[in-house]
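> Below is the sequence, then the predicted model.
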Amino acid sequence: MNNLAKFTIGIFFTLGMAWLAFVVGARSQFGDLVPTSEVLDDDGLVPEDAELFPVAISGMAKQGAEEYAALGCVTCHTQQVRRVEAGFDVERGWGKRPSAPRDYVLQEHVLLGNSRIGPDLANVGLRNYSDEWLHQHLFEPQSIFPSSLCPPSPFLYQQIDEPVITDIKIVSNEVTKETRYVRPTVRANRLVAYLQALKQDYELPEVSFVETEDVSVEEEDVVSTDVSTVSVSAPKWLQDQIDTGKEIYMKASPGGGMCFACHQQNGEGLAGQFPPLAGSDWVLGSKERLIKISMYGLMGEIEVNGVKYNNVMAPPGIPPGSLTDDQIANVLTYIRNDWGNSASAVSAEEVATVRASLKGRAPMQMFTSAELTTPIQ
Amino acid sequence: MPADSPDKVIDRSAKLVFSFFLSSAGLWLLTAALLAYVAAAKLTDPFFLASYEFLTYGKIKVAQANAFVYGWGGNSIFAVSLWILARLSQAEVRGSVFLVVAGVIWNLAITFGLLGIMDGHMSGHEMLEMPTEVWPAMLISYLIITFLALVIHRSRQVRETIAPQWFILAALLWFPALFLIAWNGLEINPARGTLQTVLSMWYGQSLVWLWLTPVALGAAYYLIPAILGRTIDKYYLAIFGFWCIAALAPWSVVHHLEGGPVPMWIPAVGTVMSIAMVFPIAVASTNFHATAFLDIGKVWDSLPLRFVIFGTLSYTVSSYIGVVFSLPAVAKITQFTIINEFHFNQRVYGFFSMIIFGAVYFALPRITGREIPKAAKSFHFWTSTLGVLMLLLAYLIGGLTHGVLAGQPSLPWSSSVIQSIQPYFLITKFAFIILAFSQFVFVVNVWRVIFPNPFVYFSANNKEASV
C-alpha cells in the first residue's frame, strides 16, 4: 500500500479483471453476431435463400435514430423487452417475444435505456399507429392522452394557418376543441420513420414468439388488418409491391411509368428541372396528394424540401394518364421505400377511393400546387 | 515572519487552488440545481417551457446529471482531494498555476459539453453524453490535475499511507482508466449491438462507484478522526474494505441489465457481486459509526462532522437498499422505475455531496482563516436534510408504486400507472426547490469566505499572504 507503483498496479488489476470480462470477454463471445434466418436447417446452418433478420433500417430511419438520441427520448423510454421470467413486458403486449442481443447488431445507436416513464418502444412500429398519429403524438402527446407526460415537441413542426391536406390536424383535447394545423419538418419525418421501423416481428433461432393468453396482445394482432402480422410473409407482400413498383418506375414501354427518365434511377431528379423523390416531403407526405398527381400530373410552381421548381409533369404513364390503381399503388409504395425513404405502403383501395372522389375531373387536367394546397375546411 | 505551524503553510499553499475549484464547484452546483428544478417541473407540467427545443426534458435531464457529476463532483473532488493529500503528506501544493489552468480547461470543456447536449449533439452513452469533441480536453486537464496530486503524494514526509490516501488516490487514478476504456470501446473501436450498452452502463455506474464514492469515503476516513481527535475504531478492517470495493464494485454495477438483451451471465455476475458488496459496506459503516458513536455529542456539535455522518449513514442505508434491489425477485419490480432516481440522488446528494459539504466546512476556515457563521451552516444542514429526505422518500415510495403497478399488465400505462406516480413528481419538484435554496446558501457561505470583499480580492489576498 505504501509503494505508489505497486498500489497503482493493484487497483488497475482489479479494474482490469472486470474489464477483461465485460469488454474483452463479452466482445469475443457476442461481438460478432450477424443477422440470421428465423430457423436454421438440420445442420444448424442458415438455409439458402432464407430471409435474414434483423434487417437494416432505411436511411431515413437511421437519421431518425439520431434525432431520437439527440432529444434524449431514452431518458423515459426503453427499447428492450425483458425475458419473461425477469419482467412483465411481453404480458403487457410490448413485444411478441423477449429482445435478443442479435436484434441490435445493425443499429448504430443502441438505445436500450433504463428508465420507463413512458412505455417500451422496442416494438412501437408494430402497434399500427399511422404516421399521422405519430406526428400528432410527437407534436403534442396531450392532444391524444390529455394527462400524458411525454414532452411535446412543437419545435419539430411549423404552425400553419392555411393548411393543405398533408398537414397534421391537432385537436387539443380540451373542452374547447381548439384545432390547429402543423406541418412536419424533415426532422419530424425522420423521427416518425424511425419509430415505424422499430419492430422485432421475426423469430430468431435463439428466441421464438411467446404464446400468451393475454387479450391485449391478441387484440393487437387482430387490429393489424394487413398480412403483416403473419410475421414471415410480412416483408414479402411489401417487397412484392416494391419490386413491381420498381419495374413500373423503370419501364419505358406501354404499361410503364418511365419515372426514371425525369426523376432518375437514383431518385435524385435533376437540379432545377426535375425535383428529387429521395427524401422528398411530397413523397413522404400525404398519400392522397401523391395519388392525385400520379393520375393527373402536376404543373406550375411547387416547393420540394424548401426548393422551388416550376415545370410540368404530364400525367405519368404510357400512354399518359393510363396507370391503373394497382400500378399507382405499387409505384408509389416503391418511391416511398427506396433511396433511404421509408413510409407506409399505398394500397390499390386507397387509390380507388381517391379516383372516385375525383369523378367529375376532366381527363389529363393537371393539378397545380395551388389546387393541392387549398385549405381544407 | 513568525514561524507558522506546518499545517498553516500547507493550507496557505492550497488556498488558491482550493478556492478556485470550490467556487467553480459551487457554480456548477447551482447550475445543476436549476436544471433539476426545470426537469422536475416538466414532469408535473409537460408544457412548462415546452416550446424551446434546447430545454426539452430529455436534454435537461441529461445536462443536469452531467453538470452535477462532472461540474460539481469533479471540481469538488479536485478541491478536497488536493487538500487532504497535501495535509496527509505534510507537503505543499505545488504547480498551482497549472492546476488552475487545467481547472479552467476542465470547466470550459464541461460548459461546451453541456451546450453541445442542449444544441442536439448528445451521444447516447450513459454519463458520456457530452459530444466527443470535448472528451480530449477533459482527459488532458484531468491528467494534469491528477499528476500534480500524485506529485504531492510522492513528496510525503511519512512513507506509511493510510485509508484516506488509498481511497482518494484510487479514485483519482480510476477515473482516467474508466474514461479511456469507455472511449475506446464506444468511439475508437466501437462495440456492436448491445455490447455498447453494457460498456456505457458499466462506465456510467462505475463513475459513481469508483470515482465519487471513494473520494467521499476517503474524506470521511480523514475527517472523522481529525475532528473527533480519536483513531478509527477497528481500523485494521479498512484495508479489507478498500480492496473489497476495488475488487467487487467494477463487477457489481452491471446488474441493472437484468433480463435485457445481453448475454445472461453479465447481469448474473453483477447480481452476485452486488450481494458480496455487503462486506465493504459493513466495514466502512463499522469504521465510521463505531468511531462516531463513541462521542456522539461531539458529532452533533461539530457541523462539519454532522454533515459527514449524515453522509456515511446515508451511504450505509443506500448501499444496503441497493443490495436488496439487485436481487432478481426485487429487480423484476423495481427495474426501470424511478427507483433509479432514488439510487442516483441518494448517492450523489445524500452521500457524496453531504460529505463534501462537511469537508468544505472543515477545510475552508483553516485555509482562509475566516469562520463561516454557525447559523448559516446550520441552516444549510437542515434545509439539505429536509430536501434530501423528501426527495429520496418520494422517489422510493413512488418507485415502488411505479414498479408494482407496472407489473400488472391489465392497468393501462399512462392513465393508470404513470398517473399514480404523478403526486411523487410533485413532491420531488418541491424537494428540488428546497435543495436549490439550500445549495444557494452553501454557495453564499463559501463565496463569502473566499471573497470577503469581492472588489479588493487580489490586494486583500496579497496582504493576508504576508500576515
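That came through, no problem. Residues are numbered from 1 along each chain as shown, chains lettered A, B, ... in the order given.

> Point me to the residue of chain B nearest chain A.
B:G58 (1.9 Å; C-beta to the nearest C-beta). For every residue, glycine as well, the C-beta is placed using N, CA and C.

> what sits against the residue nearest in space to the middle of chain A?
In chain A, the residue lying closest to the centroid (C-alpha atoms, centre = their mean) is A:A193, at 3.1 Å. Neighbour list for A:A193: A:S58, A:M60, A:A61, A:G64, A:L284, A:S342, A:A343 [criterion: C-beta atoms under 8 Å, 6 or more residues apart in numbering or on different chains].

> for B:E92, what are its contacts?
Contacts of B:E92 (C-beta under 8 Å, 6+ apart): B:V9, B:I10, B:S13, B:A14, B:A86, B:I152.

> now it, what's its secondary structure?
coil (DSSP: H, G, I helix; E, B strand; the rest coil).

> Any figure for the gap between it and B:P164?
In this view, B:E92 and B:P164 are 18 Å apart by C-beta to C-beta, to the nearest Å.

> helix or strand right after the top helix by length along chain B?
Secondary structure of chain B per DSSP state H: the longest helix is helix B:6-44. Using DSSP states H and E, the helix or strand that follows helix B:6-44 in sequence is helix B:57-66.

> So which elements touch that next one?
Identification of packing neighbours for helix B:57-66 by 3 or more C-beta pairs under 8 Å, 6 or more residues apart in numbering or on different chains; DSSP states H and E yields helix B:6-44, helix B:96-118.

> Buried ones in the last one, by neighbour count?
Meaning helix B:96-118. Buried residues in helix B:96-118, counted by 16 or more other C-beta atoms under 10 Å in any protein chain shown: B:96, B:99-100, B:102-103, B:105-107, B:109-110, B:112-114, B:116-118.

> Of the residues you listed, just say which sits nearest to A:Q79.
Distance to A:Q79 across the buried residues of helix B:96-118 (C-beta to C-beta) is lowest for B:I117, with 20.3 Å.

> got a list of what the closest one touches?
B:K59, B:V62, B:A63, B:N66, B:E129, B:M130, B:P131.

> so the second one touches B:E129, yeah?
Yes: taking C-beta atoms under 8 Å as the definition, B:V62 is a contact partner of B:E129 at 4.8 Å.

> As JSON lines, the contacts of A:A193 with secondary structure and neighbour count would be great.
What follows is the contacts of A:A193, written out as JSON lines (DSSP: H, G, I helix; E, B strand; the rest coil; neighbours: other C-beta atoms under 10 Å in any protein chain shown):
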{"residue": "A:S58", "secondary structure": "coil", "neighbour count": "21"}
{"residue": "A:M60", "secondary structure": "helix", "neighbour count": "26"}
{"residue": "A:A61", "secondary structure": "helix", "neighbour count": "23"}
{"residue": "A:G64", "secondary structure": "helix", "neighbour count": "25"}
{"residue": "A:L284", "secondary structure": "coil", "neighbour count": "26"}
{"residue": "A:S342", "secondary structure": "coil", "neighbour count": "22"}
{"residue": "A:A343", "secondary structure": "coil", "neighbour count": "22"}
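
> Out of the residues you listed, the closest to chain B would be?
Among those, and counting by C-beta to the nearest C-beta, the member closest to chain B is A:G64, at 13.3 Å.

> Test my guess that that closest one contacts A:L195.
Yes: using C-beta under 8 Å, A:G64 is in contact with A:L195, at 7.2 Å.

> Check what pLDDT residue 218 gets.
I went with chain A, as the question did not name one. The model reports A:E218 with a pLDDT of 38.

> actually it's chain B I care about, not the one you picked
Residue-level pLDDT assigned to B:G218 equals 94.

> Could you verify my assumption that it touches B:L172?
No: counting by C-beta under 8 Å, B:G218 does not reach B:L172; the two are 9.8 Å apart.

> Quickly list what's touching both of these two.
B:S81.

> more neighbours, the two?
Between B:G218 and B:L172, counted using other C-beta atoms under 10 Å in any protein chain shown, the more crowded position is B:G218 (30 against 25).

> can you give me phi and psi for A:L323?
phi -70, psi 140 (degrees, to the nearest 10).

> Contacts only, for it.
Per C-beta under 8 Å, 6+ apart, neighbours of A:L323: A:I248, A:G257, A:S294, A:M295, A:P316, A:G317, A:V331.

> circling back: mind putting the helices and strands packed on helix B:57-66 into a markdown table with mean pLDDT?
Below are these laid out as a markdown table (pLDDT from 0 to 100):
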| stretch | mean pLDDT |
| --- | --- |
| helix B:6-44 | 91 |
| helix B:96-118 | 95 |
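
> Would you double-check that A:I170 falls in a strand?
Yes: counting by three-state DSSP, A:I170 is found in a strand.

> B:V80: neighbour count?
So B:V80, with other C-beta under 10 Å, has 28 neighbours.

> Could you verify my assumption that it touches B:V215?
Yes: using C-beta under 8 Å, B:V80 is in contact with B:V215, at 6.7 Å.
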